[in-house]
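> Next comes the sequence, and after it the predicted model I'd like to discuss.
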Amino acid sequence: MIQKIGLAQMDIAFGRPEENKGKVEQWVKKAKDDGCHTVVLPELWTTGYDLTRMDEIADDEAKDSSSYLTSLSKKYSIHIIGGSVANKTKEGVRNTLLAVDSNGQLVKQYSKLHLFKLMDEHHYLLPGHEDGMFTLDDTKMAGLICYDIRFPEWFRKHVLLGAKVVYVVAEWPRARIDHWQTLLRARAIENQCFVIACNRVGHDPDNEFGGCSLIIDPWGKILAKGTHTEQLVSAEIDLEEVEEVRRKIPIFQDRRPDFYL
């Protein structure tokens, strides 16, 4: 199955959800006009890292964000990996990825498991407690968030659960963009899956973000790569390549989990 994927490598208005909603519809329309089957948004696209105001600006149970994305997916008949949003739950605020199918159905909410202390996430956000698995077009996929990619065991868990495509949404700083590219290629190669990663660009009061969004095939080949400016990054993927690569180098048959921690 061949699909075209578009990554909305956008800047984010700091702490201004309504302004960001207007931007997102433009990106969804652009992806649809480009012939994309799926569009991917970056991490915390509603608010950016305005952590000190999260209680004020977070979306209650992610209801408004979910409703907005489902309406866009129906309007443009496109799957949306809706980046992540500040999700205000009864326990506190979580950083939650939303996946919506082209019929306007919310198919997954995944809250970031690994909080990045270097950016003080742990002071303002709660970690998730579930995996990122979901299904679109009868294909098992997963969604992870930014810092999650530094934990190969968490990434591998999703592939062992059947994910052939792993989406990553991020606000990855430009200062460490070489880590971003190296880690994502490594995750694709070692898991023999597509890795589709959307990073934001621009600045907030404390950080510059690196872009370089990537679409990587199961061999680790980069099919598309963004620059450091706003753009739609797109490429076609062939899902049959996953099984082809796994037949040629059957690493999953050769695993020795009895020796692993």
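That came through fine. Residues are numbered from 1 along each chain as shown.
> ranges for the helices of the stretch 1-150 of the chain?
Assigned by DSSP state H, counting those that start in this stretch, the stretch 1-150 of the chain shows helices spanning 17-33, 54-57, 63-76, 121-124.
> Tell me which residues touch residue 185, please.
Residues in contact with residue 185 (CB atoms under 8 Å, 6 or more residues apart in numbering) are 195, 214, 216, 220, 222. Bear in mind the C-beta positions are built from the backbone N, C-alpha and C, glycine included.
> and it, what element?
In this assignment (DSSP states H and E), residue 185 forms part of helix 177-191.
> ok, then the element right after that helix?
The element immediately downstream of helix 177-191 (helix or strand, assigned by DSSP H and E) is strand 194-199.
> Pairing partners for that following strand, with directions?
Using DSSP bridges, the strands paired with strand 194-199 are strand 165-170 (parallel), strand 214-216 (antiparallel).
> Reformat those strands as a markdown table; add mean neighbour count and distance to residue 32.
Shown next, in a markdown table, are those (neighbours: other CB atoms under 10 Å; distance: least, CB to CB, whole Å):
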| stretch | mean neighbour count | distance to residue 32 |
| --- | --- | --- |
| strand 165-170 | 27 | 18 |
| strand 214-216 | 26 | 17 |
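> okay, the ones you listed in JSON lines with distance to residue 249 and mean pLDDT next?
Formatted as JSON lines, the strands paired with strand 194-199 follow (distance: least, CB to CB, whole Å; pLDDT from 0 to 100):
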{"stretch": "strand 165-170", "distance to residue 249": "18", "mean pLDDT": "98"}
{"stretch": "strand 214-216", "distance to residue 249": "16", "mean pLDDT": "98"}
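> Mind putting those strands into CSV with distance to residue 52?
What follows is these, written out as CSV (distance: least, CB to CB, whole Å):
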stretch, distance to residue 52
strand 165-170, 21
strand 214-216, 31
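> which stretch among the ones you listed comes nearest residue 205?
strand 165-170 (18.7 Å; CB to CB).
> now the closest one: how far from the chain's centre is it?
For strand 165-170, the separation from the chain centroid amounts to 3 Å (computed by CA atoms, centre = their mean, to the nearest Å).
> go on, stretch 72-88?
Distance, stretch centre to chain centre, for stretch 72-88: 11 Å (CA atoms, centre = their mean).
> Could you dump the helices of the stretch 1-150 of the chain into TSV with mean pLDDT and mean neighbour count added?
Below are the helices of the stretch 1-150 of the chain laid out as TSV (pLDDT from 0 to 100; neighbours: other CB atoms under 10 Å):
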stretch	mean pLDDT	mean neighbour count
helix 17-33	97	17
helix 54-57	94	15
helix 63-76	98	18
helix 121-124	96	16
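> Tabulate the ones you listed (a markdown table), appending distance to residue 87.
Listed next are the helices of the stretch 1-150 of the chain as a markdown table, based on distance: least, CB to CB, whole Å:
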| stretch | distance to residue 87 |
| --- | --- |
| helix 17-33 | 12 |
| helix 54-57 | 10 |
| helix 63-76 | 8 |
| helix 121-124 | 12 |
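> closest to residue 200 out of those?
That would be helix 17-33 among the helices of the stretch 1-150 of the chain, by CB to CB, at 10.6 Å.
> If you count contacts, what does the closest one end up packed against?
Judged by 3 or more CB pairs under 8 Å, 6 or more residues apart in numbering; DSSP states H and E, the packing partners of helix 17-33 are strand 2-9, strand 38-40, helix 63-76, strand 231-238.
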